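> Fold the following and give me the result.
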Amino acid sequence: MNATASTSPAGLSAGQALNEGTLTRPLLKIWFLSAMGVFLDGFDLFVVGVALPFIARDFAPRPWELGLVAATAPLGAILGTALGGRLCDRFGRRPVFIVDLGIFIVFAVASAFSWNVASLLVFRFVLGVGVGADYPISATYVSEFMPARLRGRMLVSAFSFQALGSLTGAAIGLAILLVYPHAAAWRFMLAAGAIPALIILVLRRSTPESPRWCELHGRTSEAAAICSKLAGHNIELTQASEQALPWSALYSRQFIRRTLLTAIPWFLMDVCLYGIGLFTPVILSTLGFGGQPGATPVSYVLTDIRSTEGAVFLDSFLVIGFALAIWQIDHIGRIHLRMMGFLGMTAGLLLVGLGAVSRVAGSQDISAILIGFALFNVMVNMGPNPTTYTLPAEVFPTALRGSGNGNAAAAGKIGAAAGIFLLPILRASLGLPALMGVVAGVSVVGFLVTFVLGEGVETQHRLLEDIHATLLRLHGPRGSRRGEPA
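Prediction:
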């Protein structure tokens, strides 16, 4: 927007007013504080991966209990995403944007003081609720404030903080190991995320409510004031034409195709990403990373350090994948980028499986394993991971944007919990090569679902309200073919 103008033309909606804006410092602040919520999810996931061997050493849990420790936060996130998304549609984006971080801080610290497996499970579950609630709110915040021409890149770059968080979590876990190589090191790892979360919480208190949400709920003057402050000059808005919708509308004829397109691929992608990502150090350790098959065993601490170093190296490819997504999201488009990513994930997993076969046979060459992991990490973050975050923030109307986001993210977290809990069991029963084949098959299904349901759905450079109207004409019931409100 031209900051020298005194007023904008009357009759604009909040979406139109925001769409004319430029990337100002207040918008960058909203983007950054949203991105840092995703950072905390990646951080917590991967620092737990480093901590698991030490939790096992300290509490001596049974195998299924250790798997549940890893899966509990994603299980809590299932409730958090669904609840947070609906609450931000009902009560506003800003209140939940602040409360969820408070939950994370309290229970990250509580997890560090757990006295047995049961207490750790409870604390990790509630922490997961806080982490999960941030997903739909952060995506909704970014999508509702950013101009259409920048929205795709800003959503993907915000979500790329998950990779930054993953890399930081693995690095912090490794640093704690090097400084304090003792069984109790896991307590410091689990508490470490509370420090950045507290800083983010303080900064989030100054964020405004979404003008689109204010307009929808009749708070037009408040929406106009927020838009005017962001633009630097006076803006007059009209009352929104949209209507409030219940959560059940996600499964109505108007929205069911969008609901399935955003939920099913996220579920399938997270089965792969979380199952493979969390146990990358364990897989590398199983394959003898940092040593030779049959060599004299080293201490569990040294083994964990070596495998974690390998995981940190491979996690760096997650950042490369996100860089490619930011570059291509508004050129290739969301749907095509997702399909390319699922196919690339399949190829990477098959390479890891082939490398595992040769490793078990006694080969000392691990190049196929490393290349396969690197390819998987690049392709998952070039396509499926960022687009599963982006599309739910774009294809639903304002009244359902948080709920649609929460529903899709909940499906993803169910996939994450399934991958984290089931993949170690499958690895023990099937062996690593067969497991990689199974997960590659899951990636193929993700490609097929996107191919079938993604027809006619592309959102780059388009106003959110226009996307909703177009999809109603294409995929809605007969009564909505002309784009009438649902």
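> which helices and strands sit right next to the host helix or strand of residue 69?
In this assignment (DSSP states H and E), residue 69 forms part of helix 63-91. Judged by 3 or more Cβ pairs under 8 Å, 6 or more residues apart in numbering; DSSP states H and E, helix 63-91 is in contact with helix 25-59, helix 93-112, helix 117-145, helix 401-430. For every residue, glycine as well, the C-beta is placed using N, CA and C.
> got CSV for those helices, with mean neighbour count, distance to residue 219 and mean pLDDT too?
Shown next, in CSV, are the helices and strands packed on helix 63-91 (neighbours: other Cβ atoms under 10 Å; distance: least, Cβ to Cβ, whole Å; pLDDT from 0 to 100):
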stretch, mean neighbour count, distance to residue 219, mean pLDDT
helix 25-59, 23, 18, 86
helix 93-112, 21, 12, 93
helix 117-145, 25, 14, 92
helix 401-430, 24, 16, 87
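> quick one: which of those is nearest residue 252?
helix 401-430 (12.1 Å; Cβ to Cβ).
> ok, and for the helix or strand following the closest one, which residues are buried?
Next along the chain after helix 401-430, taking DSSP H and E as the criterion, comes helix 432-453. Residues of helix 432-453 classed as buried: 432-433, 435-440, 442-443, 446-447, 449-450, 453 (neighbour count, 16 or more other Cβ atoms under 10 Å).
> wait, which of those is closest to residue 325?
Proximity of the buried residues of helix 432-453 to residue 325 (Cβ to Cβ) peaks at residue 450, which lies at 15.1 Å.
> wait, what's in contact with residue 404?
By Cβ atoms under 8 Å, 6 or more residues apart in numbering, the contact set of residue 404 is 85, 250, 255, 258-259, 262, 392, 395-396.
> Filter those residues down to the buried ones.
85, 250, 255, 258-259, 262, 392, 395-396.
> Which members of these occur in helices, if any?
85, 258-259, 262, 392, 395 (DSSP state H).
> any chance of those in CSV, with pLDDT and distance to residue 156 too?
Formatted as CSV, these follow (pLDDT from 0 to 100; distance: Cβ to Cβ, whole Å):
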residue, pLDDT, distance to residue 156
85, 92, 20
258, 91, 19
259, 95, 22
262, 95, 16
392, 93, 13
395, 91, 16
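> Output the below-cut-off pLDDT ranges for the protein.
1-11, 239-242, 277-315, 359-365, 474-486 (pLDDT under 70).
> just to revisit the earlier point, make a markdown table out of the ones in helices among the buried ones among the contacts of residue 404 and add distance to residue 45.
Listed next are those as a markdown table, based on distance: Cβ to Cβ, whole Å:
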| residue | distance to residue 45 |
| --- | --- |
| 85 | 20 |
| 258 | 27 |
| 259 | 26 |
| 262 | 21 |
| 392 | 20 |
| 395 | 26 |
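> which helices and strands does the helix or strand containing residue 165 pack with?
Per DSSP H and E: residue 165 is located in helix 161-179. Judged by 3+ Cβ pairs under 8 Å, 6+ apart, the packing partners of helix 161-179 are helix 25-59, helix 185-192, helix 300-328.
> Next, the angle from it to helix 117-145.
Between helix 161-179 and helix 117-145, the angle comes out at 140 degrees (axes from the mean of the first three to the mean of the last three Cα atoms, to 10 degrees).
> Dump stretch 130-138 to PDB, keeping only the CA atoms.
Output in PDB follows, covering the C-alpha atoms of stretch 130-138 (Å, rounded to 0.1, in the frame of the first residue of the first chain):
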ATOM      1  CA  GLY A 130       0.200 -26.900  23.400                       C
ATOM      2  CA  VAL A 131       2.400 -27.700  20.400                       C
ATOM      3  CA  GLY A 132      -0.500 -29.000  18.300                       C
ATOM      4  CA  ALA A 133      -2.700 -26.000  19.000                       C
ATOM      5  CA  ASP A 134      -0.100 -23.700  17.500                       C
ATOM      6  CA  TYR A 135      -0.200 -25.400  14.100                       C
ATOM      7  CA  PRO A 136      -3.600 -24.200  12.900                       C
ATOM      8  CA  ILE A 137      -3.300 -20.800  14.500                       C
ATOM      9  CA  SER A 138       0.200 -20.000  13.100                       C
END
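> I'd like the numbering to begin with 383 instead of 1 from here.
From this message on, residue numbering opens at 383, which makes the last subject stretch 512-520.
> contacts for that stretch?
For stretch 512-520, with Cβ under 8 Å, 6+ apart as the criterion, the contacting residues are 416-417, 419-420, 422-423, 426, 455, 458-467, 469-470, 475, 478-479, 481-486, 489, 540, 771, 774, 784-785, 787-788, 791-792, 795.
> and with 7 Å instead?
When contacts are defined by Cβ atoms under 7 Å, 6 or more residues apart in numbering, stretch 512-520 is touched by residues 416, 419-420, 422-423, 426, 455, 458-463, 465-467, 470, 475, 478-479, 482-483, 485-486, 489, 540, 784, 787-788, 791, 795.
> Then stretch 412-425?
Applying Cβ under 7 Å, 6+ apart, the contact partners of stretch 412-425 are 486, 513, 516, 520, 523-524, 527, 536, 540-541, 543-548, 550-551, 575, 578-579, 582, 585-586, 589.
> Nice, that's everything, thank you.
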